[in-house]
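Asks: Starting from these lines, generate the structure:
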Amino acid sequence: MKGRAITTNNTIFNVYNETKKRLERFGIEDYGFEARVIIKHITGFDNKKIMMNYNALLSPYQLNQVEDIIMKRQARYPLQYILGEWSFYGRTFKVGEGVLIPRADTEIVVETALNLIKDTINPGVLDLCAGSGAIGLTLSLEREDSNVTLLEKHTPALRYCKLNKDLLSADNAQCINGDVFTGDCSNGKFDLIVSNPPYVSEDDMKTLQPEVGYEPEVALCPGSDELLFYREIVKNYKKAVNPCGAFCFEVGINQADSVKEILSSAGLKNVEAVKDYAGIDRVVFGTVSEVQ
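Replies: Residues are numbered from 1 along each chain as shown. Reported below is the predicted structural model:
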């Protein structure tokens, strides 16, 4: 490889170990995981095939690919943007600058949302601040009888949302340009309104990993009021939820109680929080009427 070339043995196994060591030196927290993802990306192999071919030699072109990725990661440019795609809920979503990177914690939102509509036939779903479409498109594919509308204000993110819809063949979904603050799509009727809105406080933005600096700030931080989107969405869209419907939100660390209070104050019932895989309250939901 260029710069710090592997000259003795350019096997998959050796290049993987060298990549892992270099990422660790650069301060990449998940260096082992990222090294595996990089090898899978440049070889096109899954984990099983990599194990079966760990002594196979990489081509000069593949070695240059690895080196290019490593150098970009040294600058802390997000691996997801480098690869141009990322996995979410078992599917591959296209991502790049201008759209929030799907995160594993958000899969809890999908699981909660699916549970909320499990007994609803042909559910109508509205995904607000849809971004790449990770939530709304996943729901549309997991529930093929659903009708999902994804609302996104910002043009770069909406472009990825539409691209992912087409690539995933989510024919029961539609991606619309709109603003939650003006109540776009609030004249419809939905069984579920789901959202992962901007919720990171201005102070917390200063402490995030360097990679986050490449993501669109408007998708992360709502400004001085970190709960602004929750208040506006509930206010503007409560009448758009069917009598047995629900709201479902992703929330930040230590925000669950405040968001629960917003929902309860708006008259929503059965307001609860759901923990993510790390035991952190990550989702808050509430229903328009009491669950029988």
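Asks: Now for residue 153, how many residues are close by?
Replies: Neighbourhood size, residue 153 [other Cβ atoms under 10 Å]: 18. No exception for glycine: its C-beta is placed from N, CA and C like everyone else's.
Asks: got it, and residue 166?
Replies: As a measure of burial, residue 166 has 12 neighbours, counting by other Cβ under 10 Å.
Asks: go on, residue 87?
Replies: So residue 87, with other Cβ under 10 Å, has 12 neighbours.
Asks: and it, which of the three is it?
Replies: Recorded secondary structure, residue 87: strand (DSSP: H, G, I helix; E, B strand; the rest coil).
Asks: now do residue 272
Replies: Applying three-state DSSP: residue 272 is strand.
Asks: longest strand of this structure?
Replies: strand 241-250 (DSSP state E).
Asks: What residues does residue 77 make contact with?
Replies: 211, 214 (Cβ atoms under 8 Å, 6 or more residues apart in numbering).
Asks: so how far is residue 155 from it?
Replies: Relative to residue 155, residue 77 is positioned 22 Å away (Cβ to Cβ, to the nearest Å).
Asks: what's the answer for residue 140, then?
Replies: According to Cβ to Cβ, residue 140 and residue 155 sit 22 Å apart.
Asks: ok so, going back, orientation of the next helix or strand after the longest strand of the chain relative to strand 241-250 in degrees?
Replies: Where DSSP states H and E defines the elements, the next helix or strand beyond strand 241-250 is helix 256-265. Here helix 256-265 runs at an angle of 170 degrees relative to strand 241-250 (axes from the mean of the first three to the mean of the last three Cα atoms, to 10 degrees).
Asks: and helix 256-265, what other elements does it pack with?
Replies: Counting contacts by 3 or more Cβ pairs under 8 Å, 6 or more residues apart in numbering; DSSP states H and E, helix 256-265 is packed against helix 228-237, strand 269-275, strand 281-287.
Asks: and of those, who's closest to residue 98?
Replies: Set against residue 98 and scored by Cβ to Cβ, those come closest in helix 228-237, at 18.9 Å.
Asks: Could you quantify the relative orientation of that closest one and strand 281-287 as an angle?
Replies: Using the same axes, to 10 degrees: helix 228-237 against strand 281-287 is 10 degrees.
Asks: who's more crowded, residue 140 and residue 155?
Replies: Neighbour count, other Cβ under 10 Å: between residue 140 and residue 155, residue 140 has more, with 25 against 9.
Asks: ok, and which of the helices and strands packed on helix 256-265 has the densest surroundings?
Replies: Of these, the one with the most neighbours on average (mean count of other Cβ atoms under 10 Å) is strand 281-287, at a mean of 23.
Asks: What score does residue 6 have for pLDDT?
Replies: Confidence at residue 6, expressed as pLDDT, is 48.
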